[in-house]
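Visitor: The following block contains a protein sequence and its predicted model.
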Amino acid sequence: MSHPLANPKFRVAICGAGIGGLVLAVTIGKFAGHDIHIDLYEAHDAITTVGAGIVVSSRTSEVMKELGMYEEIFRVSTKLPSSSHGPKFRISNIPQGGFEWFQQTPTLMTSNMHRQHLVDTLKQYLPSSCNIHFAKRLTQYDKQLSGSLILHFADDSTSTADVLIGADGVHSSVRKTLFETLDRDVVDPSNRRRYTDPSWTGTLVYRTVFPAKKLSDLDPNNVALKDFVIFCGNSKRVVSYPVSQGTLINAVALITDEEKAGTPFEGRWVSSVSHEEVQELYQDFEPTVKNLLKCFENPSRWALHVVNELPLFACDRVALIGDACHAMTPHLGAGAGQAMEDAFVLGRLLAHPLTTLNNVPAALKAYQDVRLPFAQFVARESARTGGMFSFDMSDTAGRNVREEMEIKKEKLLAQWEWEGKDSPIAEWLEAERKLRQGSDEA
């Protein structure tokens, strides 16, 4: 519960209490104390999360350490038995039985965890300067002559803020209003829909989480029980790994039609589906995968949409973080981590002693200058990685399959090299340098 602040230097409204919005509130609270009042608006009646599993990478761990919650996160995460290695890649589109392709070195991750556990931990660290408002879905905002912002919600209520941060996901109302109200000399009006509307990737994603015991009873030697496994096929794959201390299995099945990328998706973007629909798609896969699919509980189908590359993440006193500005494909497992990096860098900048209401735009510009190029780079690499998982084993006559596999393996391994370059802390220091430079020049 929040406490009234006597003289906060400004009020920040965060729309969206997902992982990015929560990390932002925690970061501001930790480094600004009571100097900044935070209003956190959540469209639903409670703070929940979409999806089940999340990869806790070394970069993510750095943010957690800076926020003082690493030990708690580590306690509820799942260290795999093969923790000295990364995911196992299998060629699985062979009905008689697939085989292990290669196993990645452990640069990608340190552990896995259930998203809800991460959200629950973040909620515990929300500062007393943060007031949470539920059932508040932003529809649009207006800028006043004074520079303050009037927020309009779906229940016809309004609120006021000095700074607005859109952490409201791929369908972001903050992004929509931002680009619809930008001057013509900033954004060509003919491109506005490209920036406001999400784009379908041509990929359908089937998600589920189920008790590990269900799979162990059916197939006690199934590799998915203990390891992070990517079962590869031709334009489709299944990804699975244990969460919740190994008691649950998080599984995701993906199927892509590249010719449909960028076309409108017909129907509901998220829907419940039958077990039969999922199993039918993988009839050409090995028994290990078929047994995994038999354990799916209440599977849901998602039409995977992304946000097209934006020319900016911030303008004046409004900024975007996470999926609101760079919703990406899941092929690198980097979406949540990138949202957390956005939130950490932006939160540190807003909380900085040099940041006042007058120079908030400069702080947001420093955030954009550091995070936009890197986040968009990761999004591009993620999209590129998706095509590398595809391997056609239906007709191998006249092909040097072993050589093809080795070449593709090396290309795939290179896709995670960015994980070891730079760090969220280095990004923050670079953003702080830009903020100080701007303050000196002012």
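Guide: Noted; the coordinates are in hand. Numbering: from 1, shown residues only.
Visitor: May I have stretch 41-51 exported as CSV, CA atoms only?
Guide: Taking Å, rounded to 0.1, in the frame of the first residue of the first chain, the C-alpha atoms of stretch 41-51 are listed here in CSV:
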residue,chain,number,x,y,z
TYR,A,41,-2.3,0.9,-13.7
GLU,A,42,-3.3,-2.7,-14.5
ALA,A,43,-6.0,-3.5,-17.0
HIS,A,44,-7.0,-6.7,-15.2
ASP,A,45,-8.4,-7.2,-11.7
ALA,A,46,-5.1,-8.7,-10.4
ILE,A,47,-1.5,-8.9,-11.4
THR,A,48,-1.2,-12.0,-13.5
THR,A,49,1.2,-13.2,-16.2
VAL,A,50,0.9,-14.7,-19.7
GLY,A,51,2.7,-17.9,-20.4
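Visitor: and that stretch, which residues are buried?
Guide: Tyr41, Glu42, Ala43, Ile47, Thr49, Gly51 (16 or more other C-beta atoms under 10 Å). Heads up, the C-betas are built off the backbone N, CA and C, glycines and all.
Visitor: counting contacts, what elements does the single longest helix found in the chain pack onto?
Guide: Identified as the longest helix of the chain according to DSSP state H is helix 360-388. Here helix 360-388 is seen to pack against strand 314-315, strand 318-320, helix 323-326, helix 335-351, helix 401-414, helix 424-441 when contacts are counted using 3 or more C-beta pairs under 8 Å, 6 or more residues apart in numbering; DSSP states H and E.
Visitor: And the ones you listed: which comes nearest His114?
Guide: Ranking the helices and strands packed on helix 360-388 by proximity to His114 (C-beta to C-beta) places helix 335-351 first, at 12.2 Å.
Visitor: How about that closest one, which residues are buried there?
Guide: Buried positions in helix 335-351, judged by neighbour count with 16+ other C-beta under 10 Å: 335-351.
Visitor: if you average pLDDT over it, what comes out?
Guide: For helix 335-351, the mean pLDDT works out to 96.
Visitor: Equivalent analysis for stretch 243-260, please.
Guide: Mean predicted confidence for stretch 243-260 is 92.
Visitor: quick one: low-confidence parts of the stretch 51-200 of the chain?
Guide: Within the stretch 51-200 of the chain, the segments meeting pLDDT under 70 span 51-52, 78-85, 106-111.
Visitor: in it, which spans are helices?
Guide: 58-66, 70-76, 115-124, 173-181, 192-196 (DSSP state H, counting those that start in this stretch).
Visitor: can you dump the C-alpha coordinates of the shortest one into PDB?
Guide: When you say that, I think you mean helix 192-196. The C-alpha trace of helix 192-196 is given here as PDB (Å, rounded to 0.1, in the frame of the first residue of the first chain):
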ATOM      1  CA  ARG A 192       1.600   5.400 -38.600                       C
ATOM      2  CA  ARG A 193      -0.400   2.100 -38.900                       C
ATOM      3  CA  ARG A 194       2.800   0.300 -39.300                       C
ATOM      4  CA  TYR A 195       3.900   1.500 -35.900                       C
ATOM      5  CA  THR A 196       0.600   1.400 -34.000                       C
END
